[in-house]
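[1] From the sequence below, what's the structure:
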Amino acid sequence: MKQKFHRIASLMCAAALIISLAGCTGGKSTDAEQSTTNTAYAGQTLTVQVTAVNSSTIMANPGEFQQSKSGDASSSGSTSAPPAAPSGDANGPGAAFTASGEPITFDIPNGAAITVQSGSSAAVADIEVNSILQVTFSDSGEVTAVVIMEQPTMGGFGGSAEVTNGTSANTISSDTSVSGESYTSSGDDENALRVDGAAVTLDKIKVKKSGGDSSNTENGDFYGQNAGLLALNGATVTITGATVNTSAVNGNGVFSYGEGTTVNISDSTIRTTERNSGGIQTTGGGTTNASNLDVETQGASSAAIRTDRGGGTVRVNGGSYVTNGTGSPSIYSTADIEVTGATLTANASEAVVVEGKNSVSLTNCSVTGNMSGTYAQDNSENIHNVMIYQSMSGDADEGLASFSMTSGSLTSKNGDMFYVTNTACTISLSGVTLTPTNDTLLRVAGNDSSRGWGTAGANGGTCTFTASDQTMSGAIIVDDISSLAMTLSGSSTYTGTINASGTAGAVSVTLQNGAKWSLTGDSYITSFSGDVSSIISNGYHVYVNDTAID
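    Coordinates of the predicted model:
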């Protein structure tokens, strides 16, 4: 990733600072000046603002970072200014860092996990002067994880003040039809093919984006910089029988950006190999209609069906969508996404993620997830298969999220089947074959906020869960800052416990139309509606506000 001149100057100043400090102390260094471990912060997560960067050594001021609630949510597709950040954006109006305490110096070892606040993978090279970091120290004082909370406006992960699509090796800007052509690019921040404001039909084309740096990851994520094929400015692109291959950071295969832009793609193959390189990507209010695609991604943060800031509309019918990198679900939704009759497989990530006021609706799909571990090496992070949350990164409006699935299968190879945190949502299931890997069906709970997902102690989930003609089993856990309203209808059967450890959050259960609840242990809820005889006790009890009802 290219570095800016101001960063080189900062490194020179940092080196001079280290030399001058060593001279002043007669060759002796203090922990605050040069130690690569910081025992004073052992076992803690510290928020800092970077003052200098020297290779993997970071000098910073500890303090507090406050993310404001200002800034109107918007999904504008303007080509002269980016969509306004939704409430809670770390880079939005009112975000402020207040320094406190003595400056510290720490080293980031090779094994430390580095991510941005939204969960995307990052590197030491993405940390710059003035970056806000959340740094996790092990019990011995060594850095194990770094979350980049705020970036400068140029370079690294910080998006530009205006929409920056980069350049293009080949641009089509007038209505036309093309067959059998090849489009290539190896340039920095460059699309192999761009369709700009035109109605274009592309048949059996080949697109190859091989190499070429991305100078700004968020410009790639938000606006299509460095993508293989980018459609923008109200273009309508119809693609059939295409082959798209990318091997560059931000090498999203086919990218639809901006309101009024529509990509219709069918019977095509997409392969991407690097991080932040989704298969089909939609942002800024764009539309993507996909049919019978063969998509596979290899890199981290590379969902096969991917959306980002500004969202849009995505409709998928049939095809295979496979991911192999961490933080790369088969679907990452900051948009309205509908998928029918597709195979969705995430080999090292949760299967589906819905962020903020957005939705995923699946019909007759085969869905499998295998979250390989905690992406930030943080043992407190939950392992799960379907995640519904609000990151507070500004990439998704705050509001009611939705996940629905009808027929098909949902398989978890690692972790809880469903996890809801820091948002309100609805989950609807009907006739889905569920294959869990552990005993937790649903966890609605707060998080420790180490990744910026709300404020610890006030970032629980609110979930409305509806099951119709659905068989399901496993524990349901709702913590004391969360709530659940669960309704079972038709031939639904639930086998499991709810809050087996005792009353915590508000939980209401409704059994309709002969639905059954078979207990595998005592359960504690706050409200029950329906026929108590529909509860199969198996020698256990349901307690409503600590009073047994069966």
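[2] N61 should be in a helix, yeah?
    No. Secondary structure of N61 (DSSP: H, G, I helix; E, B strand; the rest coil): strand, not part of a helix.
[3] That one reaches T98, doesn't it?
    No. N61 is beyond contact range of T98, at 9.6 Å (criterion: CB atoms under 8 Å). For every residue, glycine as well, the C-beta is placed using N, CA and C.
[4] ok, these two, which is more surrounded?
    Taking neighbours as other CB atoms under 10 Å, N61 and T98 compare with N61 leading, 17 against 11.
[5] Contact partners for the residue nearest to the more buried one when sequence neighbours are not counted?
    Counting by CB to CB, 6 or more residues apart in numbering, N61 lies nearest to A99, which is 4.1 Å off, once chain neighbours are set aside. Counting by CB atoms under 8 Å, 6 or more residues apart in numbering, A99 touches 49, 61-63.
[6] Can you list phi and psi of A99 for me?
    Per-residue torsions, A99: phi -80, psi 150 (degrees, to the nearest 10).
[7] Quick check: neighbours shared by N61 and T98?
    By CB under 8 Å, 6+ apart, no residue touches both N61 and T98.
[8] ends of stretch 271-281, how far apart?
    13 Å (CA to CA, to the nearest Å).
[9] same thing with stretch 176-186?
    25 Å.
[10] buried stuff in that stretch?
    Neighbour counts over stretch 176-186 (16 or more other CB atoms under 10 Å) mark 183-185 as buried.
[11] and what of stretch 191-203?
    For stretch 191-203, by 16+ other CB under 10 Å, it's 191-198, 200, 202.
[12] Pull up the distance across it, start to finish.
    19 Å.
[13] Same question for stretch 240-260.
    20 Å.
[14] And the average pLDDT for it is what?
    Stretch 240-260 shows a mean pLDDT of 97.
[15] then stretch 450-464 to CSV, C-alphas only?
    The C-alpha coordinates for stretch 450-464 follow below in CSV (Å, rounded to 0.1, in the frame of the first residue of the first chain):
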residue,chain,number,x,y,z
SER,A,450,-13.6,-3.8,22.3
ARG,A,451,-14.4,-3.6,18.6
GLY,A,452,-16.5,-0.4,18.9
TRP,A,453,-19.9,-2.2,18.8
GLY,A,454,-21.7,0.2,21.1
THR,A,455,-21.0,0.9,24.8
ALA,A,456,-20.4,-2.1,27.1
GLY,A,457,-23.3,-2.5,29.5
ALA,A,458,-25.7,-0.8,27.0
ASN,A,459,-25.2,-2.7,23.8
GLY,A,460,-27.5,-5.6,24.1
GLY,A,461,-29.8,-7.0,21.4
THR,A,462,-33.5,-6.8,20.9
CYS,A,463,-34.8,-9.8,18.9
THR,A,464,-38.3,-10.8,17.6
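[16] Break down this protein into its helices, ranges please.
    5-24, 31-34, 217-223 (DSSP state H).
[17] So what touches stretch 484-493?
    Taking CB under 8 Å, 6+ apart as the rule, stretch 484-493 contacts 442, 444, 463-472, 476, 478, 494, 498, 505-518.
[18] buried set for that stretch?
    So for stretch 484-493, counting by 16+ other CB under 10 Å, buried means 484-489, 492-493.
[19] so how far is V48 from the residue nearest to N61?
    With distances taken as CB to CB, to the nearest Å, A99 is found 9 Å from V48.
[20] Would you mind listing the residues touching both of the two?
    61-63.
[21] low pLDDT regions in the chain?
    1-38, 66-96, 118-120, 150-161, 374-380 (pLDDT under 70).
[22] Bridged to T167, which residues?
    For T167, the beta-bridge partners under DSSP bridges are E190.
[23] E190 is in contact with that one, correct?
    Yes. T167 is within contact range of E190, at 4.9 Å (criterion: CB under 8 Å).
[24] Give me the spatial nearest neighbour of D480, chain neighbours excluded.
    A504 (4.5 Å).
[25] what's near enough to touch that neighbour?
    477-480, 482, 524.
[26] swap the cut-off to 7 Å and go again
    478-480 (CB atoms under 7 Å, 6 or more residues apart in numbering).
[27] Out of these, which is nearest to A112?
    The closest of the contacts of A504 to A112 turns out to be D479 (CB to CB; 29.0 Å).
[28] Quick check: closest non-adjacent residue to the closest one.
    With CB to CB, 6+ apart, the residue lying closest to D479 is A445, at 4.1 Å.
[29] Quick one: neighbours of the one you found, just the number.
    A445, neighbours per other CB under 10 Å, totals 22.
[30] do S473 as well
    Neighbour tally, S473, other CB under 10 Å: 15.
[31] again, but for the one 3 residues further on
    Using other CB under 10 Å as the criterion, I476 is surrounded by 26 other residues.
[32] Identify the residue nearest G299 in space, chain neighbours excluded?
    Closest to G299 by CB to CB, 6+ apart is R275, at 4.0 Å.
[33] just G521 next, same as before
    Here the residue nearest G521, using CB to CB, 6+ apart, is T497, at 4.3 Å.
[34] Surely the one you found and Y524 touch.
    No. Counting by CB atoms under 7 Å, T497 stays clear of Y524, with 8.8 Å between them.
[35] picking that back up, mind picking the two most distant members of the contacts of A99?
    Q49 and P62 (8.4 Å).
[36] So for these two, which sits in the more crowded spot?
    Higher neighbour count among Q49 and P62: Q49, with 19 against 16, using other CB under 10 Å.
[37] just how off-centre is stretch 487-494 within its chain?
    31 Å (CA atoms, centre = their mean, to the nearest Å).
[38] and what of stretch 97-113?
    24 Å.
[39] Identify the bridge partners of V478.
    Under the criterion used (DSSP bridges), V478 bridges to V444.
[40] Same check on Y389?
    E355, T421.
[41] Please give me every residue in contact with it.
    Counted by CB under 7 Å, 6+ apart, Y389 has contacts 355, 421-423, 453.
[42] If we go by neighbour counts, what in stretch 519-531 is buried?
    For stretch 519-531, using 16+ other CB under 10 Å, the buried residues are 519, 522-526, 528, 530.
[43] try stretch 100-110
    Buried, per 16+ other CB under 10 Å, within stretch 100-110: 104-108.
[44] Inside strands: which ones of those residues?
    104-107 (DSSP state E).
[45] Including distance to T39, could those residues go into CSV?
    CSV is the format used below for these (distance: CB to CB, whole Å):
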residue, distance to T39
I104, 11
T105, 13
F106, 11
D107, 14
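[46] which one of these is nearest L434?
    For these, the nearest to L434 is F106 (44.0 Å; CB to CB).
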